[in-house]
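>>> Sequence plus predicted model, see below.
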Amino acid sequence: MEYTILILLLPFLSFLFLGLAGMKLRPVVAGAIGTAVLAVVAVLSYMTAWEYFSAGRDAAGVFPTLIPWNAVWLPIAGDLHIDLGVLLDPISVMMLVVISTVSLMVHIYSFGYMKGERGFQRYYAFLSLFTMSMMGLVVATNIFQMYLFWELVGVSSYLLIGFYYTKPEAIAASKKAFIVTRFADLGFLVGILVYGYYAGTFTFTPAASTLAAAGVMIPLALGLMFVGGAGKSAMFPLHIWLPDAMEGPTPVSALIHAATMVVAGVYLVARMFPLFIGYAPEVLHWTAYIGAFTALYAAVVACVQSDIKRVLAFSTISQIGFMIVALGVCTSNDPHAGGLGYMASMFHLFTHAMFKALLFLGAGAIIHAVHSNEMSTMGGLRKYMPVTHITFLVACLAIAGIWPFSGFFSKDEILTACFAFSPVMGWVMTAIAGLTAFYMFRLYYGIFWGRENRELHAEHTPHEAPFTMTLPLLILAAVTCVAGFIPFGKFVSADGLAYTIHIDGRVAALSLCVAVAAIALATWMYAREKQPVADRLAERFSGLHRAAYHRFYIDEIYQFITHRVIFACISTPIAWFDRHVVDGFLNLLASATNGTAWLIREMQSGSVQRYCIWFMGGALGLTILILIIC
Amino acid sequence: MIKMEYYLVVSTILMFVGFYGFVTRRNLLAMLISVELILNSVDINFVVFNRFLFPEQLEGFFFTLFAIGVSAAETAVAIAIIINIYRNIRNIEVKNLREMKW
């Protein structure tokens, strides 16, 4: 399966070509080239998946890990070396399918959404760069290669968030995203170095004896790696960049900040899962608590946001929290006894990528129609945009966890895993699932039903999106409808053996009841023109409402810590010392030299006769001196 | 009998006249003549020391002849340079030679 290297090379070549020659091409041609390359990559990914899974299991009953292509890139010392290559195992193949599908949909969708934008060619170049980096991240053969591509996705995310580089908010958001994730990546890098030192290798399968000898260092390394993963996946204290990242073009939000890049942290934990389970189960459980808190926090905030992309951003954070929780509640490798969460997490990653991309692309179609992100400019859009309405509804039902849409199946597995871990965790996650259903339907009613902004709509009638935009919506909606019936456990499970998903009747009934109740509540509160209950609640709990609207002032706390504490108390004195003492000393040296030069420059007059006088005077002086001394 | 010191006084006067001329003149030809005066004073010294201190040897005389030859060649080169300067700037005053300063 050597052709898998093409999955990386083709988007990279497309990036180089569009980046260098893009401005010479007509926008449509550039877009067509990018999309065609991505279509080829998608076909290759599907072929890879088909070949990999149809090749069958080995004697032990697991899908073998293949490395069809590998090269030593940087030998360090002894056996320690950094490789670049392609690694195929069930989760990387699954990710290839997810990324190429969503990326292809976004490429097609962008034809309509980005039509007439300045920098259309640049946009497609960056999309190709992102796709290449994300593919490289998932097929990494070792943790260091993963880190390299991890940073590359960070860069392409930065470039795409700041795509509208004349807009100050977009620039600020891109910088924020880059700095926050980069700050978290510091932990990742230190973790990699610790891991490389103590495990003696950068691959994912170090020798058990060295690991046992490393003692507490391996849990430390894994914990530090999770810090990096938490930055990329927007876990609680490091989540602040993701809502702001919505300043980028909406298809970019769908691709990077909903479906693929933000699940890199989940993927990282899944990749290191055998080590987590074997050597650091406590760290793994801590990730579960962080994930659960993040999920709760983001769900609460999402209930009161008025910008539709912000709602979706917080729902993404919340859903990633679900995936992390599912990984974190694992207690063994056996899916029948405490290891179900691994499969549930990957399953949810898969289904979430599809329906969240669908939600974002739908939101893009709505923004395209009303030219605003604010919910107050919408309402009643179902009459104008039937296709967007239906597909958005499908996605909302999926994320709320309603049978038979895909979200139901994956979320059910997560909740089952949580209940197996501890009843408290199970009930908390069920409640958050209910909140999810509530805020998603608040969003849905706020856009398509509810209070219609008639003045605005009379002035500028919203219209259905063009075919290039509705086609990806329809495809993703179709996937969302059927993806739940994929026997996912047959492909991915914690121990690699085939696992048959069976729905736990009680958990399923409970989560369905909660979801339906939450949807009913949202319907009662937000579906009609008049919303007395919602208004009264917002008024009654105005303090809570305002705090949640301002995301519980986390950004302000960051602002305070960075500006008032770090900048004012640490950076300013250091800057003063640098400017006045270090620079001052060097300036003194320079100005002393300069002054002396000004004093003696008269001697260099260029007049030979004057030199001659000096010379003669010197000779006379020396003669007299010698005469006196002798 | 003319003593050695008389010659040396003449050569010293010649030397300092040449030096004074070199420093005070602004004309290249005058400066060249001054340099020749300094050279001549040194030549006289060589000859005198050879004649009075080491009469049985000849190095001083030969060195003087050699120095006269070299100074003649040097004068020829200097005058060639001065003529070229004159062709370029129509002048041989030292203060006008500013282009070659830096």
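Looks like it came in fine. Everything numeric here is computed off the predicted structure, so don't read it as measured data.

>>> how much space is there between the residue nearest to residue A:421 when sequence neighbours are not counted and chain B?
Spatial nearest neighbour of residue A:421, chain neighbours left out: residue A:329 (3.7 Å); criterion: CB to CB, 6 or more residues apart in numbering or on different chains. C-betas here are computed from N, CA, C, even on glycine. Distance, residue A:329 to chain B, by CB to the nearest CB, to the nearest Å: 81 Å.

>>> what about residue A:329, neighbour count?
31 (other CB atoms under 10 Å in any protein chain shown).

>>> ditto for residue B:87
8.

>>> quick one: the strand or helix carrying it near chain A?
Secondary structure assignment for residue B:87, by DSSP states H and E: helix B:59-89. No: contact of helix B:59-89 with chain A (CB under 8 Å from any CB of the partner chain) is absent, the minimum separation being 12.8 Å.

>>> any idea of the mean pLDDT for that helix?
The predicted model assigns helix B:59-89 a mean pLDDT of 92.

>>> swap in stretch B:33-50?
93.

>>> Give me the distance from it to the chain's centre.
7 Å (CA atoms, centre = their mean, to the nearest Å).

>>> what about residue A:451, distance to chain B?
82 Å.

>>> next one: residue A:295
76 Å.

>>> Flag every residue of the stretch 301-450 of chain A that's near chain B.
Residues of the stretch 301-450 of chain A lying near chain B (CB under 8 Å from any CB): none found.

>>> quick one, strands of the stretch 301-450 of chain A?
Remark: no strands are assigned in the stretch 301-450 of chain A by DSSP state E, counting those that start in this stretch.

>>> tell me, how many neighbours does residue A:189 end up with?
16.

>>> Number of residues surrounding the nearest residue to residue A:17 once chain neighbours are set aside?
Leaving aside its chain neighbours, residue A:17 sits nearest to residue A:33 (7.1 Å; criterion: CB to CB, 6+ apart). A count of neighbours around residue A:33, defined by other CB under 10 Å, yields 20.

>>> does residue A:33 sit in a helix or strand, and which one?
Counting by DSSP H and E, residue A:33 is found in helix A:27-54.

>>> Buried residues, that helix. List them.
A:27, A:30-31, A:33-35, A:37-38, A:40-42, A:44-45, A:48-49, A:52 (16 or more other CB atoms under 10 Å in any protein chain shown).

>>> what do you get for stretch A:404-417?
A:405-417.

>>> so can I have TSV of the residues you listed showing distance to residue A:559?
TSV is the format used below for the buried residues of stretch A:404-417 (distance: CB to CB, whole Å):
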residue	distance to residue A:559
A:405	40
A:406	39
A:407	35
A:408	40
A:409	41
A:410	37
A:411	35
A:412	40
A:413	39
A:414	34
A:415	37
A:416	41
A:417	37
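
>>> Which pair of those spans the longest distance?
A:405 and A:417 (19.9 Å; CB to CB).

>>> thinking again about what came up before, now find how far off-centre the helix holding residue A:33 is within its chain.
Relative to the chain's own centre, helix A:27-54 is displaced by 22 Å; criterion: CA atoms, centre = their mean.

>>> Remind me what that helix packs against, helices and strands.
When contacts are defined as 3 or more CB pairs under 8 Å, 6 or more residues apart in numbering or on different chains; DSSP states H and E, helix A:27-54 sits against helix A:4-21, helix A:90-113, helix A:120-138.

>>> I'd like the next helix or strand past that helix.
strand A:66-77.

>>> Give me the contact list for that following strand.
By CB atoms under 8 Å, 6 or more residues apart in numbering or on different chains, the residues outside strand A:66-77 that reach it are A:1-2, A:4-5, A:52, A:81-89, A:141, A:145.

>>> swap the cut-off to 10 Å and go again
A:1-5, A:8, A:48, A:51-52, A:55, A:80-89, A:92-93, A:139, A:141-142, A:144-145, A:148, A:196, A:202-203 (CB atoms under 10 Å, 6 or more residues apart in numbering or on different chains).

>>> Residue A:562 touches residue A:240, doesn't it?
No: counting by CB atoms under 10 Å, residue A:562 sits too far from residue A:240 to count as a contact (11.1 Å).

>>> which phi and psi does the residue in chain A that chain B sits nearest to have?
Across chain A, no residue is closer to chain B than residue A:606, which sits at 4.1 Å (CB to the nearest CB). Backbone dihedrals for residue A:606, given as degrees, to the nearest 10, come out at phi 90, psi -10.

>>> On the pLDDT front, check it for me.
Value for residue A:606, per-residue pLDDT: 71.

>>> same question, residue B:102
45.

>>> and the helix or strand where residue A:188 lies with strand A:66-77, angle?
Applying DSSP H and E as the criterion places residue A:188 in helix A:168-199. With axes from the mean of the first three to the mean of the last three CA atoms, to 10 degrees defining the directions, helix A:168-199 sits at 80 degrees from strand A:66-77.

>>> and helix A:168-199, what does it pack onto?
Here helix A:168-199 touches strand A:80-88, helix A:143-161, helix A:208-214, helix A:217-232, helix A:241-244, helix A:264-271, helix A:273-279, helix A:554-559, going by 3 or more CB pairs under 10 Å, 6 or more residues apart in numbering or on different chains; DSSP states H and E.

>>> Quick one: closest of the ones you listed to residue A:544.
helix A:554-559 (15.3 Å).

>>> can you tell me which residue is nearest the centre of the chain?
I went with chain A, as the question did not name one. Residue closest to the mean C-alpha point of chain A, counted by CA atoms, centre = their mean, is residue A:262 at 2.4 Å.

>>> wrong one, chain B
Most central in chain B (CA atoms, centre = their mean) works out to residue B:36, at 2.0 Å.

>>> doesn't residue B:74 make contact with that one?
Yes: Residue B:36 lies in contact with residue B:74 (CB under 10 Å); the separation is 9.1 Å.

>>> re earlier: which residue, other than its chain neighbours, is closest to the residue nearest to the centre of chain A?
Nearest residue to residue A:262 in three dimensions, chain neighbours excluded: residue A:233, at 5.5 Å (CB to CB, 6+ apart).

>>> which residues touch the one you found?
Contacts of residue A:233 by CB under 10 Å, 6+ apart are A:181, A:184, A:226, A:239, A:242, A:261-269, A:291, A:294, A:316-317, A:320-321, A:323-324.

>>> Over to residue A:516?
With the criterion set at CB under 10 Å, 6+ apart, residue A:516 makes contact with A:400, A:401, A:402, A:434, A:437.

>>> In helices, which of those residues appear?
A:400, A:434, A:437 (DSSP state H).

>>> So the second one versus residue A:211, what's the distance?
Read it as residue A:434. 41 Å (CB to CB, to the nearest Å).

>>> the more surrounded of those two?
Between residue A:434 and residue A:211, counted using other CB under 10 Å, the more crowded position is residue A:434 (22 against 18).
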